[in-house]
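Undergrad: sharing a model that was predicted from the sequence below.
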Amino acid sequence: MPEGCVKINPVGLLKRYIGNREPPILTGGGQTVAEVLEALGIPSALVAIVLINGRQELKNYVLQDGDIVKLVPLVGGG
Amino acid sequence: MNGYAGQILRVNLTDKTVSKEPLDPKLAQRFLGGRGFGAYILYSEVPKGADPLGSENKLIASSGPLSGLLVPGAGKMDWTCKSPLTGGYASASMGGMLTAELKYAGYDSIVLEGASAKPVYLYINDDEVELRDASQYWSQGSIIVETAFKDELGEEFQIATIGPGGENLVKYACITHDFGRQAGRGGVGAVMGAKKLKAIAVRGTKSIPVADTKDFYKKARAMFKACKESELSEPWTKYGTSGVNTWSNEVGAFPVRNFQAGAIEGYESLSGQVMREKIVVTDKGCFACPCPCGKYSHSKKYDIYVEGPEYETAALLGGNVAFLDIEDIAYANYLCDELGIDTISAGNAIAFAMECFERGIISIQQTDGLELKWGDTQAVFATIEKIANREGIGDILAEGVKYAAKQFGGNSDDFAIQVKGMEMSGYESRNAPAMLLSYMTCDVGAHHNRSWAITYDIEVGRDKVTPDKAGKVIELQHIRPLFDCLGACRLQWVEINLDLGYYAPILRAITGIDRSWDDLLKTSERIWNLTRMYWAREVAGFGRQWDMPPARIWKEPVAGGPTEGKSIPREDVEKLLDMYYEQRGWDKNGIPTEEKLAELGLADVVTI
């Protein structure tokens, strides 16, 4: 990933929202996860867990350069 | 018989006799194992009208054909009996190591019959089976006793215990195993307590026959590889079910203050990340699990260790009683585990009492002087102990919220959050009709594990009340309980996305019998209908009215969170049932038709 970018990696069922494309790479941070989800057309309610560099964050997290974002779909509960 | 241990163990607690029967291949063919064996034995052997806490009831613990083999998550055991909580069918699934150990000892199921006059435990060491005195363990906590048994018998024994809640016949007492895995729902622990059976200790050293070993290993390796390579393994292993605590609030599904609202302010403090940083000591898995979702935790605040809290406990003993500190929830979880009561029903019962107290339906005299206020930790902890020990208000709450509403009166029946007498698990569903229908039609009461359809509501539109939603609920009610027949965990499929296409081929490699996935689903449908007929046989006037949720669903809109103002009109609730019954081939009262029973090959075991 180029320096100063943010990688967005939807996994499992969420892949369908980016078609067969490579995970999107944003040029630089500054946006919240919720804003990125909206821009990509991924329904926020279907994203159960947001991992930023392997750590769970809320959807109001403001992305920073170099972040790797894993979006984990809604699943089966306890 | 390939895939099976080949014997059913019968233990009569009344006369202390033990017998071993060969497993009938026809039973395996028609009911597969696990929950299927339990349902058939319950229906055919427990007499109509039996007292759930009397000696006629049987407690049936069963493994499945995958249990104990190298299949991802093949560590599930089913516990079936007539439920003291609902008066109908109870079946609770337990993870851990016990199901594998039981098969290694040479048994697919244990059928516990009769009742002992004095406390005993069941000792199983391969062929050696006996009932032994357990007086010294009576009245002690579940995990204390499990530890004591490990010390006495050896670490290699697998132990299932009840706590004081089971001994005191709390209607939602659970059975605990592996220091925090439970058969939680429906009061299976009370049935064990009524039999004066404190524990079961199992050690097995035999092997399980497999039809085609080479093919089996090939397929098993492929399944483990798929789990390990799944991008979903990382978050599920790291956070377990607590990973969805924040999501549930974001979408208004988190039960808050006795299911009044769908999100709680400050829910960020309950996130999986906060829990991991604050209390989690290590990940903990069941038998043959590639993605151990259990979290073993230590609370510094209370200096206790507990497995959890799982999502359901964070919901019912968190949001539902207005707790926002994960350590408070962990302590409530610890108390319930040690005392041996189900956290879901206990959380509901306490929240129900809190709402009654808030509304002035019950007075401080009725709460034994406790100020039952939202978020009051001492009130919650004290009430948990009162329930387990059946003291004061705890004696009423120990019967479940349906009974408690009758005692407390007023309009409390409207907000006693239960279906069929079982308290609802952790999903506010006034803006999720498929999830609501899942609760209404679940075969043990308001539980989510047969069908968890809120995903579908979100995907297709949360306001829609359409036939496809009933269809989705039915589809899930056949797939998910099938795992409870196979004796394997469904999380590898649900959470890790392991393809369902793996299961029929590996079952064929194990048993040598070629069965399609559709045939297995038909078996699951057969069991679903059999359990429905069990309800019809046992409960006078059983039918449509027993599938109705509490009136809060249509009378009171959601009072906070993203779905604020939403409710489901009563006519839509009825419409959901109409669509569901029609697609199931049941009559308008929700009873399977003769044609449907004949189609499923149930004519020979079903009479009302």
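TA: Looks like it came in fine.

Undergrad: dihedrals phi and psi, the closest residue to residue B:443 other than its chain neighbours?
TA: For residue B:443, ignoring the flanking residues on the chain, the nearest one in space by CB to CB, 6 or more residues apart in numbering or on different chains is residue B:531 at 4.5 Å. Placement of C-beta: from N, CA and C, glycine included. With angles defined as degrees, to the nearest 10, residue B:531 sits at phi -70, psi -30.

Undergrad: over to residue B:11?
TA: phi -130, psi 120.

Undergrad: correct me if wrong: it contacts residue B:107.
TA: No. If you go by CB atoms under 8 Å, residue B:11 and residue B:107 don't touch, sitting 10.4 Å apart.

Undergrad: those two: which is more packed in?
TA: Taking other CB atoms under 10 Å in any protein chain shown, residue B:11 and residue B:107 do not tie; residue B:107 has more neighbours (29 against 23).

Undergrad: which ones are touching that one?
TA: B:5, B:7, B:8, B:9, B:20, B:124 (CB atoms under 8 Å, 6 or more residues apart in numbering or on different chains).

Undergrad: what does residue B:182 give?
TA: B:92, B:94, B:174, B:175, B:176, B:337, B:342.

Undergrad: surely the first one meets residue B:188?
TA: I take that to be residue B:92. Yes. Counting by CB under 8 Å, residue B:92 touches residue B:188, with 5.0 Å between them.

Undergrad: what residues are shared contacts of these two?
TA: B:79, B:174, B:175.

Undergrad: helix, strand or coil for the first one?
TA: So that's residue B:79. Under DSSP: H, G, I helix; E, B strand; the rest coil, residue B:79 falls in the strand class.

Undergrad: can you get me a residue count around it?
TA: Counted with other CB under 10 Å, residue B:79 comes out at 30.

Undergrad: tell me the spacing between it and residue B:522.
TA: 24 Å (CB to CB, to the nearest Å).

Undergrad: give the contact list for the nearest residue to residue A:43 once chain neighbours are set aside.
TA: Nearest residue to residue A:43, sequence neighbours excluded (CB to CB, 6+ apart): residue B:458, at 7.2 Å. Applying CB under 8 Å, 6+ apart, we find residue B:458 in contact with A:43, A:45, A:46, A:74, B:251, B:432.

Undergrad: am I right that residue B:458 is in a strand?
TA: No. Counting by three-state DSSP, residue B:458 is not part of a strand but helix.

Undergrad: for it, give its distance to residue B:318.
TA: 22 Å.

Undergrad: same check on residue B:29?
TA: Distance, residue B:29 to residue B:318, by CB to CB: 44 Å.

Undergrad: when the two are compared, which one has more neighbours?
TA: Just comparing residue B:29 and residue B:318: by other CB under 10 Å the higher neighbour count belongs to residue B:318, 32 against 12.

Undergrad: so what pLDDT did that one get?
TA: The model reports residue B:318 with a pLDDT of 98.

Undergrad: now it: closest residue in space, sequence neighbours ignored.
TA: Closest to residue B:318 by CB to CB, 6+ apart is residue B:329, at 4.6 Å.

Undergrad: pull the number of nearby residues for the one you found.
TA: 32.

Undergrad: residues touching it, list them.
TA: Residue B:329 touches B:270, B:309, B:313, B:314, B:317, B:318, B:323, counting by CB under 8 Å, 6+ apart.

Undergrad: now it, what's its secondary structure?
TA: At residue B:329, secondary structure determined by three-state DSSP is helix.

Undergrad: the lowest-mean-pLDDT helix or strand in chain A - contacts with which helices or strands?
TA: The least trusted helix or strand in chain A, going by mean pLDDT, DSSP states H and E, turns out to be strand A:25-26, with a mean of 82. Contacts defined by 3 or more CB pairs under 8 Å, 6 or more residues apart in numbering or on different chains; DSSP states H and E place strand A:25-26 against strand A:6-10.

Undergrad: each with direction, which strands does the strand it packs on pair with?
TA: Strand A:6-10 has its sheet partners listed here by DSSP bridges as strand A:25-26 (antiparallel), strand A:68-73 (parallel).

Undergrad: CSV for those strands, including mean neighbour count?
TA: Shown next, in CSV, are those (neighbours: other CB atoms under 10 Å in any protein chain shown):
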stretch, mean neighbour count
strand A:25-26, 16
strand A:68-73, 22
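
Undergrad: can you add distance to residue B:476 and give those strands back as JSON lines?
TA: Output for the strands paired with strand A:6-10, formatted as JSON lines (distance: least, CB to CB, whole Å):
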{"stretch": "strand A:25-26", "distance to residue B:476": "36"}
{"stretch": "strand A:68-73", "distance to residue B:476": "16"}
